[in-house]
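Visitor: need coordinates for the following:
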Amino acid sequence: MAEMEPLIRSHAADEEKPMDLDELANRSGGVANRKAARVASLDVFRGLCVFLMMLVDYAGSIFPAISHAPWNGVHLADLVMPFFLFAAGVSIVIVYKKVSDRVEATWKAILRGLKLFMLGVFLQGGYFHGVTSLTYGVDIEKIRFLGILQRIAVGYVVAAMCEIWLPWQRRRGDGFRRNYHLQWFVALFLSVIYLGFLYGLYVPDWQYVVQSDSSLVTANSTNVYEVKCSVRGDLSPACNSAGMIDRYILGVNHLYAKPVYRNLKECNISSQGQVPQNSPSWCHTPFDPEGILSSITAAVTCIIGLQYGHILIQSQHHKERLWNWSLFSVSLMGLGLLLTFFGVPLNKSLYTISYLLVTTASAGITFCILYILVDVYGWRWLTFVLEWMGKHSLSIFILVTSNIVVITAQGFYLKSPHNNIVHWIISRFVNK
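Guide: Numbering: from 1, shown residues only. Reported below is the predicted structural model:
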């Protein structure tokens, strides 16, 4: 995020010579003691992420085609998370390019990640009740532990540890793949661990109890939903091992209560967001799309972002950077599409390997385009709004996630609290 990741600014006139990072990387204890400049195209890229997040959050219910895919597939909303993780990886390379004290830099990176994680719990743990409620507060027994910022925090810490401890050599002539082969080994190791748990764990039958005060149930009773599984390697919403891991470690009451797979045809969800009692049992159960297992491959996205950052730092010319980025992106895209051809689905909720590769490649291609517009041709006037949003991305995220702006607008009404502009928009365009 802008406030948490100081970056260097690249100007078109200066890009034809090597980037001198020594002054920017001279840090007491491994972290810069003065504010660094920024890469304009990276700010624009991050601003684009924020804009897409706002677009799909507020317009996704009106235009379902841009909202999250119910399960398999990739919609516009499914690109936001990997784009944020990619930007974090690129930024880390610049922040930790030269570290004088690895231990101190490690502790500072962990502390930064913890701050981001706790902020995410506060914003997405259930404390804020959304645009349809003027209340706030959360039951500690039902607080959600994981979310968007928490996932970014995990990816940030993992990638930062790789960048601080794992560069094998620093000679420019050897290329980034040989320089940082240990980072690639970590990415491969995490992917193997992920695949082992996803396809190797046995998922038994399980049940979920819904109390009468749950928003998923309209009757005044307690419902017990039996989910039949007894399988291994299943990638369906009901019986995947990622959900089982979260239920065992976090507890079912601490997961996301309204998973996007409720929009599947099998669940027959109503326009008011209610799941009928005759729907399959798994339609009523919580599931966290930012769960523990899928966070492993999410961290790999950050590690791949590191490699794009290495190209940015080590390459001396625009053409060299763009060629390496493009070759890298096309290779990732081809491998990801090949995996989908062989049956590995594109799935954001599980953060499958194919989804990891395709979305990271999409982020790389998008970054190339923005780099050409902003840093090569210098057309910053076209993207100055996105650049500003990228510099203040964390503040904007807080405002959007907590619905502070929307809640403030709801506070002004005519005669009745429900007679406000937000309620009018929801009733007219969302729940029509």
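Visitor: what segments of the stretch 201-350 of the chain are strands?
Guide: 202-203, 206-210, 223-227, 231-232 (DSSP state E, counting those that start in this stretch).
Visitor: save these as a markdown table, and put in distance to residue 301 and mean pLDDT too.
Guide: The C-beta positions use only the backbone N, C-alpha and C, and glycine is treated the same way. Shown next, in a markdown table, are these (distance: least, C-beta to C-beta, whole Å; pLDDT from 0 to 100):
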| stretch | distance to residue 301 | mean pLDDT |
| --- | --- | --- |
| strand 202-203 | 26 | 96 |
| strand 206-210 | 30 | 85 |
| strand 223-227 | 30 | 85 |
| strand 231-232 | 27 | 96 |
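Visitor: among those strands, which is nearest residue 252?
Guide: When these are compared for distance to residue 252 using C-beta to C-beta, the nearest one is strand 206-210, at 5.9 Å.
Visitor: kindly calculate the angle that that closest one makes with strand 223-227.
Guide: Counting by axes from the mean of the first three to the mean of the last three C-alpha atoms, to 10 degrees, strand 206-210 lies at 160 degrees to strand 223-227.
Visitor: sheet partners, orientation included, of strand 206-210?
Guide: When pairing is defined by DSSP bridges, strand 206-210 lines up against strand 223-227 (antiparallel).
Visitor: which residues does the strand it pairs with contact?
Guide: Contact partners of strand 223-227, identified using C-beta atoms under 8 Å, 6 or more residues apart in numbering, comprise 205-210, 217, 238-239, 277, 281-282, 284-285.
Visitor: what do you get if the cut-off is 6 Å, keeping everything else the same?
Guide: For strand 223-227, the external contacting residues (C-beta atoms under 6 Å, 6 or more residues apart in numbering) are 206, 207, 208, 209, 210, 217, 238, 281, 282, 284.
Visitor: helices of the stretch 301-432 of the chain, start to end?
Guide: All helices of the stretch 301-432 of the chain, identified by DSSP state H, counting those that start in this stretch, fall at 318-341, 353-371, 384-391, 393-402, 404-410, 421-425.
Visitor: who wins for most neighbours among the contacts of strand 223-227?
Guide: residue 282 (25 neighbours; other C-beta atoms under 10 Å).
Visitor: who touches it in this structure?
Guide: Residues in contact with residue 282 (C-beta under 6 Å, 6+ apart) are 227, 237, 238.
Visitor: looking at the residues you listed, spot the one nearest residue 373.
Guide: Minimum distance to residue 373 across these is 39.7 Å, recorded for residue 237 (C-beta to C-beta).
Visitor: for the contacts of strand 223-227, give me a markdown table that also has distance to residue 43.
Guide: Listed next are these as a markdown table, based on distance: C-beta to C-beta, whole Å:
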| residue | distance to residue 43 |
| --- | --- |
| 206 | 45 |
| 207 | 48 |
| 208 | 44 |
| 209 | 47 |
| 210 | 45 |
| 217 | 46 |
| 238 | 42 |
| 281 | 46 |
| 282 | 42 |
| 284 | 43 |
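Visitor: residue 183: which of those residues is nearest?
Guide: residue 238 (36.0 Å).
Visitor: state the distance from the closest one to residue 104.
Guide: 47 Å (C-beta to C-beta, to the nearest Å).
Visitor: ditto for residue 57
Guide: Counting by C-beta to C-beta, the gap from residue 57 to residue 104 is 38 Å.
Visitor: equivalent analysis for residue 225, please.
Guide: Noted for residue 225: a distance of 50 Å to residue 104, by C-beta to C-beta.
Visitor: between those two, who's got more neighbours?
Guide: A count of neighbours by other C-beta under 10 Å puts residue 225 above the other of residue 225 and residue 104, at 18 against 15.
Visitor: and the residue nearest to the spatial centre of the chain, what pLDDT?
Guide: When the chain is reduced to its mean C-alpha position, the nearest residue by C-alpha atoms, centre = their mean turns out to be residue 81, at 2.6 Å. Residue 81 carries a pLDDT value of 95.
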